[in-house]
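S.K.: Output the structure for:
(one chain, ligands or ions: 1)
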Amino acid sequence: MVERLSRGPARVSELAKPLPMSLPAALQHLGVLEDAGLVRSEKVGRVRICRVEPGALGLAEQWINARRAEWGRRLDRLGDYLATLPDEEATMPDDRPVLTLHMHPLASYCWKVLLALYEAETPFQTVQIDGVPKDDKAYAERWPIAKMPLLQDGGLFLPETSIIIDYLQARHPGSAILIPADPDAAREVRLWDRFFDLYVHTPMQKLVSDRMRAAEAKDAVGVAEARATLDTAYAMLERRMAGRTWAAGEAFSMADCAAMPPLFYVEAMHPYRGAYPALAAYFERLAGRPSAQRVVREAQPWFRYFPFVEALEPRFLAAGAA
Ligand SMILES: N[C@@H](CCC(=O)N[C@@H](CS)C(=O)NCC(=O)O)C(=O)O
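M.R.: Here you go, the predicted structure:
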């Protein structure tokens, strides 16, 4: 209507004709424009002639221009502010963990890597392997030796716990240094990591696997050898741990990650805590760490499947393990 009237005065019927509305509705619109002072109408004979009120349009124009200028300034300020923000794409942390640990919460070698990840506060996700890993087709194809865990970093699948921790330290270092940079200190950590894997963890696994064998398949000689290795290891560790806090160097390291899981489980099948107080005290230090408490807590629903569950200390069992 205003557009039409800006070209000159018009009758109400003329104004209403091109509009997609009834005459009464057009009259209502006109009333609003008149109330706002934008349009003036006068009766000339039997017709009502409408004309635009140029002064009022000027006022409206001023108001619109003032709002436009204000919004322009606001958008400029918003633009300036956004320009001060760092590039979102480059800096937004992607909260999806890049690392995946293929594991089982009961498996002692999986604990070793979990301890390293928890100690370093490294984000990761897990894929639980149920049953034996060699029966998991995809797992066995990636690592036909089929031992857990496997660390996945993109397309890379890494086996062997010490290699995994080495890799984490180099490629995803977190808040803990588990292998020192100094070569001599690192060698000591690696030596005691090997010690716990080969001379405590391996014989412990022998006792577990023999327990699960049928009577006619039991390996008495192998079990005796495993127990003898454990006795030698306990005696060495008792001497070593008297007067030191951690297995290698001054700080908690990969060697301690290797120590905690077998020292936890082996007590149930070849106890040491009564006869080797320094080793027992070392285990208490290990077990007291939040990382260790977490792996134990996460394993509790599965302890019932541990062949020596009846010999696990009650303090480590929870409702879920009954
Ligand atoms: N040397 C390996 C040992 C791993 C290992 O023995 N894993 C056990 C679980 S604690 C396993 O996968 N056992 C399943 C099987 O033998 O079928 C490492 O350090 O990763």
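
S.K.: For residue 61, grab the count of nearby residues.
M.R.: Residue 61 sits with 10 neighbouring residues when counted by other C-beta atoms under 10 Å. C-beta: built from backbone N, CA, C; applies to glycine.

S.K.: Please state the backbone phi and psi of it?
M.R.: phi -60, psi -40 (degrees, to the nearest 10).

S.K.: Number the chain from 15, please
M.R.: Renumbered: residue one is now 15, and that last one reads residue 75.

S.K.: That one: what's it in contact with?
M.R.: Contact analysis of residue 75 by C-beta atoms under 8 Å, 6 or more residues apart in numbering lists nothing.

S.K.: Tell me the confidence at it?
M.R.: Residue 75 carries a pLDDT value of 75.

S.K.: What's the separation between it and residue 267?
M.R.: For residue 75, the distance to residue 267 (C-beta to C-beta, to the nearest Å) stands at 77 Å.

S.K.: For the chain, which segments are assigned as strands?
M.R.: In the chain, the strands defined using DSSP state E lie at 24-25, 53-58, 61-66, 113-117, 139-142, 164-167, 170-172.

S.K.: what about dumping the CA coordinates of the third one to PDB?
M.R.: Going back to what we said before, that points to strand 61-66. The C-alpha trace of strand 61-66 is given here as PDB (Å, rounded to 0.1, in the frame of the first residue of the first chain):
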ATOM      1  CA  VAL A  61     -14.800   8.200  -2.400                       C
ATOM      2  CA  ARG A  62     -12.000   8.100   0.100                       C
ATOM      3  CA  ILE A  63      -8.600   9.200  -1.200                       C
ATOM      4  CA  CYS A  64      -5.400   8.100   0.500                       C
ATOM      5  CA  ARG A  65      -2.000   9.700   0.300                       C
ATOM      6  CA  VAL A  66       1.300   9.000   1.900                       C
END
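
S.K.: can you give me how far it is from the chain middle?
M.R.: When distances are taken as C-alpha atoms, centre = their mean, to the nearest Å, strand 61-66 is centred 73 Å away from the chain's centroid.

S.K.: what helices or strands is it leaning on?
M.R.: Secondary structure elements in contact with strand 61-66, counted by 3 or more C-beta pairs under 8 Å, 6 or more residues apart in numbering; DSSP states H and E, are helix 16-20, strand 24-25, helix 26-30, strand 53-58.

S.K.: quick one: contacts of that strand?
M.R.: Surrounding strand 61-66, the residues in contact under the criterion C-beta under 8 Å, 6+ apart are 15-16, 19-20, 22-27, 29, 44, 52-57.

S.K.: Report the contact partners of residue 218.
M.R.: Residues near residue 218 by C-beta under 8 Å, 6+ apart: 122, 240, 244, 276, 279-280, 283-284.

S.K.: ok, which of the residues you listed also contact the ligand?
M.R.: The subset of the contacts of residue 218 within reach of the ligand, by C-beta under 6 Å from any ligand atom, is residue 122.

S.K.: Closest to the ligand out of the contacts of residue 218?
M.R.: Distances from the ligand to the contacts of residue 218, taken as C-beta to the nearest ligand atom, are shortest for residue 122 (4.6 Å).

S.K.: Assess the claim that the closest one and residue 277 are in contact.
M.R.: No - between residue 122 and residue 277 there is no contact, the gap being 9.9 Å when judged by C-beta atoms under 8 Å.

S.K.: mind listing the helices for this protein?
M.R.: Using DSSP state H, the helices found in the chain span residues 16-20, 26-30, 37-49, 68-98, 102-105, 122-134, 151-156, 175-185, 197-210, 216-226, 234-255, 268-280, 291-301, 304-313.

S.K.: Give the burial count for the nearest residue to residue 27 once chain neighbours are set aside, as a bare number.
M.R.: Closest residue in space to residue 27, ignoring its immediate chain neighbours: residue 37 at 7.3 Å, by C-beta to C-beta, 6 or more residues apart in numbering. Applying other C-beta under 10 Å, we find 13 other residues in the vicinity of residue 37.

S.K.: for residue 62, same thing?
M.R.: Using other C-beta under 10 Å as the criterion, residue 62 is surrounded by 16 other residues.

S.K.: who's it bridged to?
M.R.: residue 57 (DSSP bridges).

S.K.: Would you quantify the distance from it to residue 26?
M.R.: To residue 26, residue 62 is 5 Å away according to C-beta to C-beta.

S.K.: can you list residues touching both of those two?
M.R.: Residues touching both residue 62 and residue 26 by C-beta under 8 Å, 6+ apart: residue 55.

S.K.: who in the chain is up against the ligand?
M.R.: 121-123, 146-148, 160-162, 174-175, 211.

S.K.: let's go with 5 Å and repeat that
M.R.: Contact residues, the chain versus the ligand (C-beta under 5 Å from any ligand atom): 121-123, 146, 161-162, 174-175.

S.K.: what's around residue 222, how many residues?
M.R.: By the other C-beta under 10 Å criterion, the neighbourhood of residue 222 contains 18 residues.
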